[in-house]
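*Asks:* everything below, folded, please.
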Amino acid sequence: MNIQTKYKYKIIIASMILMLVAPTDRAIDINKKSNAPKHHNKTAAWSLRNGFNYADARIFPSTSVSTLFDVPTVQDVTKTHNGLCYTFTNGATIERSGGSIAWRNNNPGCIRYTKNSIGMGAIGTANGFAVFPDEKTGMDAIHSLLLSESYRDLSIEHAIHRYAPPHENNTEHYIQTLCGIVGVSRNTKLCNLNDKQLAHVVNTIRTIEGWIVGTEINTPAPRPEMQFINQYAAADNTRCDFVRRAYEKSI
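*Replies:* So this is what the prediction gives:
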């Protein structure tokens, strides 16, 4: 084979390789330029959150996107004709009526509204008693109060005299019931109780104070967020379908 023929074959082989590679290169370039949304395998709400980016914040009011994905919490409580109305950060409300003060106020220990109770998470007051955002916060408040400097070194007898004074309660009956249920003497100091005994005291106080469930009227959160989804879609049509589908799945 002469040199001219040898180079001729090399050129043919090189041309064939380029023909095979070129389509692949073009496909890669197209993918690199694509702005198609990337679907995620996690929850729809998580996907929707990731559908927005920092640039999108310029399109929306400051409260729209930030509250769309957050777990709603109680932000306010107001008195009603029959009880209390709790308002959540997403606009939903729960109105409680009937039942006991402990239940209506989310205050299982019927703790008074003071600076101390505010420090324990109280968000308001009704009939002189603290109102807590949820039952757990109210239960934690009893625990915190019993371990505070005002109570921890007191015997159960003296602690209950302070917690439920005779001019408002049958204090002696309170002490006897508490000691009988928990299985400790009235002279036992609160600081000497172990974690299990202290938890038992907290639950017993809840029982004695009376947790009686009444009536609840739940009003779901409004859905003004859809207008922001539409604004987003108008601003970036490449992702509008994905965002809308994810939004519908997240609610």
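*Asks:* now for residue 79: which residues touch it?
*Replies:* Contacts here follow Cβ atoms under 8 Å, 6 or more residues apart in numbering; on that basis residue 79 touches 85, 126. (Glycine included, C-beta is placed from N, CA and C.)
*Asks:* ok, now how distant is it from residue 104?
*Replies:* As for residue 79, its distance to residue 104 is 10 Å (criterion: Cβ to Cβ, to the nearest Å).
*Asks:* likewise residue 217?
*Replies:* 13 Å.
*Asks:* of the two, who's got more company?
*Replies:* Set residue 217 next to residue 104 and count neighbours by other Cβ atoms under 10 Å: residue 104 wins out with 24 against 13.
*Asks:* check contacts around that one.
*Replies:* With Cβ under 8 Å, 6+ apart, residue 104 has these contacts: 83, 84, 96, 97, 126, 214.
*Asks:* so the first one makes contact with residue 214?
*Replies:* Yes: contact between residue 83 and residue 214 holds when scored by Cβ atoms under 8 Å: they sit 7.2 Å apart.
*Asks:* so what sits against both of these two?
*Replies:* 96, 97, 98, 104.
*Asks:* chain neighbours aside, what residue packs nearest to the third one?
*Replies:* Across the structure, with Cβ to Cβ, 6 or more residues apart in numbering as the measure, the residue nearest residue 98 apart from its sequence neighbours is residue 214 (3.0 Å).
*Asks:* pull the number of nearby residues for that neighbour.
*Replies:* Neighbours around residue 214, by other Cβ under 10 Å: 13.
*Asks:* ok, so what distance separates it from residue 164?
*Replies:* 23 Å.
*Asks:* and what of residue 84?
*Replies:* 23 Å.
*Asks:* please apply the same query to residue 101.
*Replies:* 14 Å.
*Asks:* check residue 72 too.
*Replies:* Counting by Cβ to Cβ - residue 72 and residue 164 are separated by 35 Å.
*Asks:* do the same with residue 147
*Replies:* Using Cβ to Cβ, residue 147 is found at 18 Å from residue 164.
*Asks:* who has more neighbours, the two?
*Replies:* Between residue 147 and residue 164, counted using other Cβ under 10 Å, the more crowded position is residue 164 (20 against 14).
*Asks:* tell me if I'm right that that one and residue 171 touch.
*Replies:* Yes: Residue 164 is within contact range of residue 171, at 5.5 Å (criterion: Cβ under 8 Å).
*Asks:* give the contact list for the closest residue to residue 159 other than its chain neighbours.
*Replies:* Leaving out its chain neighbours, the residue that sits closest to residue 159 by Cβ to Cβ, 6+ apart is residue 151, at 5.3 Å. The contact partners of residue 151, by Cβ under 8 Å, 6+ apart, come to 145, 159, 162, 163, 190.
*Asks:* for the residues you listed, which one is nearest residue 89?
*Replies:* Taking Cβ to Cβ as the measure, residue 89 sits nearest to residue 145 out of these, at 27.1 Å.
*Asks:* the residue nearest to residue 159: what secondary structure?
*Replies:* Put simply, residue 151 is coil when judged by DSSP: H, G, I helix; E, B strand; the rest coil.
*Asks:* mind giving me the domain split of this protein?
*Replies:* 43-71+225-251, 74-219 (automatic domain parsing).
*Asks:* apart from its neighbours in sequence, what residue is nearest residue 186?
*Replies:* Using Cβ to Cβ, 6+ apart, the closest residue to residue 186 is residue 157 (4.1 Å).
*Asks:* quick one, phi/psi of the one you found?
*Replies:* The phi/psi pair for residue 157 (degrees, to the nearest 10) reads phi -60, psi -50.
*Asks:* that one: neighbouring residues, count only.
*Replies:* Neighbourhood size, residue 157 [other Cβ under 10 Å]: 16.
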